[in-house]
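Q: below are the sequence and a predicted model; questions follow.
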Amino acid sequence: MTDQLGRKSLPLLAIDVATRGDALPLSGRTKLTKLVYLAQEEAHDAVARMISPDPFYDFEPYHYGPFSRGLLGDLEILEGEGLLSVKFQKLDSQGRITQYLYSLTVAGRAALSKLEAETREAAPVRGLLAKYASMDRSSLVDYIYSRYPNSVKV
């Protein structure tokens, strides 16, 4: 299974790092997207080897920084494959504002463990993700605005 994960291993790893030792899921699509973006930017070589032969996610400038349709598509695939659990939390009384809650399933954790046992490239990516995973969404967005201004739609 892990030899087929390719770039889908990156969001699994980001979710695992962000939720490690915590029963709570990773809250928010924006935060997850920014973690994956930062991993690709700041651990570029390790990510390239970890996801090979898959290409990187294409990110385009957007309102809260970089956005990737391919990443959202892969999250749906991971959920369909039973590796990822996605729940929704309504944030307003009309149900117009939704927050996505991501967590790995038992199968997702097993696939990620197998990947990490098979490649040492995941370790530096995990380390980089740990640097940012404890930041809240606003702090991540502010960091990206200052460090990667070309990733923001103005």
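A: Nice, I can see it. What you are looking at is a predicted structure, and each value in this text was computed from that prediction instead of being measured.
Q: residue 119 - nearest residue in space that isn't next to it in sequence?
A: Distance criterion Cβ to Cβ, 6 or more residues apart in numbering; nearest residue to residue 119, sequence neighbours excluded, is residue 50 at 6.1 Å. Yep, even glycine has a C-beta here, placed from its N, CA and C like the rest.
Q: assess the claim that that neighbour and residue 9 are in contact.
A: Yes - if you go by Cβ atoms under 8 Å, residue 50 and residue 9 touch, sitting 6.3 Å apart.
Q: overlap of the contact sets of those two?
A: 115, 122 (Cβ atoms under 8 Å, 6 or more residues apart in numbering).
Q: excluding residues flanking it in the chain, which one is nearest residue 53?
A: residue 6 (7.3 Å).
Q: low-confidence ranges, this protein, go.
A: Applying pLDDT under 70 to the chain flags the ranges 1-3, 21, 23.
Q: now the strands for it?
A: Applying DSSP state E to the chain gives strands spanning 26-27, 84-90, 98-104.
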